[in-house]
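Trainee: Got a sequence here, can you model it:
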Amino acid sequence: MVCPSGRPSSPSSAWSLAAHGWSWAKTPATATKTNSNKPTATEKTMSEEGNKTQTSLLGDTISRRGFLAVTACTMGAIAATQLPHAPGAGQAASQEHGSGVGDGRYKWGMLIDINKCIGCNYCTYACQAVNDLPVNFEYNVVTRETTTNGAEYYLSRPCMHCEDPPCVHVCPVGATYVRDDGIVTMDYDLCIGCRYCEVACPYDVRRFNWQEHVEPNQFTPEFGFPEVERRPRGVMEKCTFCEHRIDAGLERGLMPGVDEAATPACVVACPTGARVFGNLNDPHSPISEELAKVPAPILLREDLSTSPKVFYVPPTGEEA
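Mentor: Down below sits the predicted model:
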């Protein structure tokens, strides 16, 4: 059984928790498995790997993805930060793909109760098992935080699946887009790895795949089994609310948020019921009923007007 150590690291840039005056200093609470024979990547090695990738892309033999990546990157990440809401290929892709049920019945969201989260990281491990992710490559990040009133709590942070996602606006090739059901997802065949979306995301929940992962999944079978194909090296990855489960479940007549087989792995794995998932358009769905009980749910970085679809129940006793 994997047990998190809760070992803090040096705090980095503090984030604002939705104009509630709470400090969010990113202090990882995760403890990853270390029984791999390969050393874990550090920022230094990741930087070196990035340099190798750039060199190979500029070599004599260059792939379509490599060519597009080089030409796109010459435009500069400055455009991504200066014009985060400028119309881009991602917006057009959202209309073109039209994936998910498009009749307006579904709009998926998640509610995370901070009071129930114990920092066990089962949500992260289940995500890594189901999405076939290596150690130290996390779609869902759990950090230990302290409010301005001194109360400690754990904050679990998946993709926020914003209604107005900056990542979609800046993608030059439409590789990331919004489905009809509100899920922000990826087309890995289109992704050129320019990382504009990573720069534009205010929640730091996008991950660049620096290398081809060939090692066995270290979170299987304890936390589940891989349900999707591994992504190629050189693309951006992110939480998709386990869209493959949602789509397959609906086809089988199952209801996401109610039936486990159609519900995101992180929700199913939580031992304390801290996560609730469901259809925001249905007033009788689990998430709608739970949200109705919360006087003032938290939205991370609400000041940016991205309209996240991940809500938080604030710590008990804290002023909203």
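
Trainee: who does V313 bridge with?
Mentor: D113 (DSSP bridges).

Trainee: Number the chain from 29, please
Mentor: In the new numbering, first residue 29, that becomes V341.

Trainee: Would you mind confirming that it makes contact with M138?
Mentor: No. With contact defined as Cβ atoms under 8 Å, V341 does not count as touching M138 (11.5 Å). For the C-beta atoms, the positions are set from N, CA and C on the backbone; glycine is no exception.

Trainee: So for those two, which sits in the more crowded spot?
Mentor: M138 (26 against 22; other Cβ atoms under 10 Å).

Trainee: The more buried one belongs to a strand, doesn't it?
Mentor: Yes. Counting by DSSP: H, G, I helix; E, B strand; the rest coil, M138 is part of a strand.

Trainee: so who does it touch?
Mentor: P186, F269, P292, V295, R303, V304, F305, I315, K337, V338, F339 (Cβ atoms under 8 Å, 6 or more residues apart in numbering).

Trainee: of those, closest to R261?
Mentor: P186 (23.1 Å; Cβ to Cβ).

Trainee: Let me see the contact set for that closest one.
Mentor: M138, C155, Y167, N168, V233, C267, F269, C294, V338.

Trainee: pLDDT at the first one, what is it?
Mentor: What that stands for is M138. Looking at M138, its pLDDT reads 99.

Trainee: any idea how far L218 is from it?
Mentor: Taking Cβ to Cβ, to the nearest Å as the measure, M138 falls 26 Å from L218.

Trainee: now do the fourth one
Mentor: Separation of N168 from L218 (Cβ to Cβ): 24 Å.

Trainee: between those two, who's got more neighbours?
Mentor: Between N168 and L218, counted using other Cβ under 10 Å, the more crowded position is N168 (24 against 17).

Trainee: So what's the residue count around V206?
Mentor: V206, neighbours per other Cβ under 10 Å, totals 24.

Trainee: next one: V227
Mentor: 17.

Trainee: tell me which element it is part of?
Mentor: Using DSSP states H and E, V227 sits in helix 224-228.

Trainee: Cross-reference the contacts of M138 with the strands and report the matches.
Mentor: Members of those lying in strands (criterion: DSSP state E): R303, V304, F305, V338, F339.

Trainee: can you map out the strands along the chain?
Mentor: So, for the chain - with DSSP E - the strands run 40-44, 51-54, 136-141, 169-174, 180-185, 204-206, 212-214, 235-236, 264-265, 303-307, 338-341.

Trainee: Report how many residues lie close to N143.
Mentor: So N143, with other Cβ under 10 Å, has 16 neighbours.

Trainee: I misspoke; the intended subject was Y150.
Mentor: Neighbourhood size, Y150 [other Cβ under 10 Å]: 23.

Trainee: pLDDT score for A348?
Mentor: 41.

Trainee: Of the ones in strands among the contacts of M138, which is the nearest to V196?
Mentor: V338 (16.2 Å).

Trainee: doesn't I140 make contact with that closest one?
Mentor: Yes. V338 is within contact range of I140, at 6.7 Å (criterion: Cβ under 8 Å).

Trainee: Need the overlap of contacts for those two.
Mentor: Common neighbours of V338 and I140 (Cβ under 8 Å, 6+ apart) do not exist.

Trainee: how about low-confidence regions in this structure?
Mentor: For the chain, the stretches with pLDDT under 70 are 29-130, 345-348.

Trainee: Next, give phi and psi for the closest residue to Y153 other than its chain neighbours.
Mentor: Using Cβ to Cβ, 6 or more residues apart in numbering and skipping residues adjacent in sequence, the residue nearest Y153 is F251, 4.3 Å away. Here is the backbone geometry of F251 (degrees, to the nearest 10): phi -110, psi 10.
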